[in-house]
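>>> what follows is a predicted structure for the sequence shown.
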Amino acid sequence: MMRAGAHPGIAGLWSKAVGFCANRRGVAAVEFALIVPILLIMYFMTMEASQAIETSKKVSRIGSMVADLITQQPTIVKADLDAIMKIGTSTIQPYNRSTPNITITAIQVTTDPTPRVLVVWSRKVASGVYSVGATAGTTTTVPTTLKVAGTFLIRVDSNLSYAPIIGWTTDTQQKLGLTQSLTTTIPMGETYYLRPRRSLTIPCSDC
């Protein structure tokens, strides 16, 4: 016999809801549904941060390695510079979402009463294209501690626009991601100065 005012459909739904909430499996399912997105976000962000840090270290390693290889040469030619920069570029692997730009500049500090800092030769690779860097004979700058009259220096600038693997865009070409802000690239770069090891200068005959 039904009580006055009771509706069998509503009563049934209410009893099921109460039973679900009282059931530990139901509580666990709700907790799981709430926490999984947070765990996934933490996982992807941790993965991205670790990869960005490692890539930044490799960008720094490019500059030191390229400068070290060049300063071991008594003389050099354009083909050798391009080959060394190619080796430096391969150092960034397995990261391959953007390519590093490398600029090698040979610098002479003159012996004038007021020393000038001049470009002797320069070579660069940008977006995979090899070309002349700074124009020979133009003025450049070096740290004050390195501005010693008669000094010959090799400067290597390595730069990379780091593109996060987690990115979101409004078009349909890129689906993976969390926030739109991650589509912005992160600039990474390092500059190294080294002196020649086997000679006073390192001339480049065809630069």
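Perfect, I can see it now. On a predicted model such as this, the values are computed, not experimentally measured, just so you know.
>>> so I165 sits against E48, correct?
Yes. Counting by CB atoms under 8 Å, I165 touches E48, with 6.3 Å between them. The C-beta positions use only the backbone N, C-alpha and C, and glycine is treated the same way.
>>> residue ranges with poor pLDDT in this structure?
Low-confidence segments of the chain, defined by pLDDT under 70: 1-28, 30, 166-183.
>>> now with 80, please.
Applying pLDDT under 80 to the chain flags the ranges 1-34, 36-37, 39-41, 43-45, 47, 165-184.
>>> looking at strand pairing, list the partners for the spatially most central residue of it.
By CA atoms, centre = their mean, the chain has its centre lying nearest to Y162, at 3.5 Å. In this entry, Y162 is beta-bridged to I186, by DSSP bridges.
>>> shouldn't it be in contact with S98?
Yes. Contact criterion CB under 8 Å: Y162 and S98 qualify, at 6.9 Å.
>>> mutual contacts of the two, please.
Common neighbours of Y162 and S98, using CB atoms under 8 Å, 6 or more residues apart in numbering, are T185.
>>> need the single longest helix in the chain, by residues.
Secondary structure of the chain per DSSP state H: the longest helix is helix 24-71.
>>> from the contact counts, what lies against that one?
helix 78-90, strand 101-109, strand 152-162, strand 186-194 (3 or more CB pairs under 8 Å, 6 or more residues apart in numbering; DSSP states H and E).
>>> with respect to P143, which of those lies nearest?
strand 186-194 (7.4 Å; CB to CB).
>>> contacts only, for the residue nearest to the centre of the chain.
Per CB under 8 Å, 6+ apart, neighbours of Y162: A52, T55, S56, Y95, R97, S98, T185, I186, P187, M188.
>>> and it, how far from T91?
15 Å (CB to CB, to the nearest Å).
>>> show me what contacts V77?
Shown in contact with V77 (CB under 8 Å, 6+ apart): C204, S205, D206, C207.
>>> can I get these in TSV with distance to L194?
Listed next are those as TSV, based on distance: CB to CB, whole Å:
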residue	distance to L194
C204	16
S205	21
D206	22
C207	18
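>>> for those residues, pick the one with the most neighbours.
Neighbour counts for those were taken using other CB atoms under 10 Å; the highest belongs to C204, with 20 neighbours.
>>> which ones are touching it?
So C204 contacts T75, I76, V77, K78, L81, A106, V120, W121, R123 (CB under 8 Å, 6+ apart).
>>> next one: S98
By CB under 8 Å, 6+ apart, the residues touching S98 are L160, S161, Y162, A163, T185.
>>> check Y192 too.
Shown in contact with Y192 (CB under 8 Å, 6+ apart): G63, S64, V66, A67, R155, V156, S158.
>>> now it: closest residue in space that isn't a chain neighbour?
Spatial nearest neighbour of Y192, chain neighbours left out: G63 (4.1 Å); criterion: CB to CB, 6 or more residues apart in numbering.
>>> I figured R197 hits L69, correct?
No. R197 is not in contact with L69 according to CB under 8 Å; the separation is 10.8 Å.
>>> of the two, which one has the most company?
Using other CB under 10 Å as the criterion, R197 and L69 rank with L69 on top: 19 against 12.
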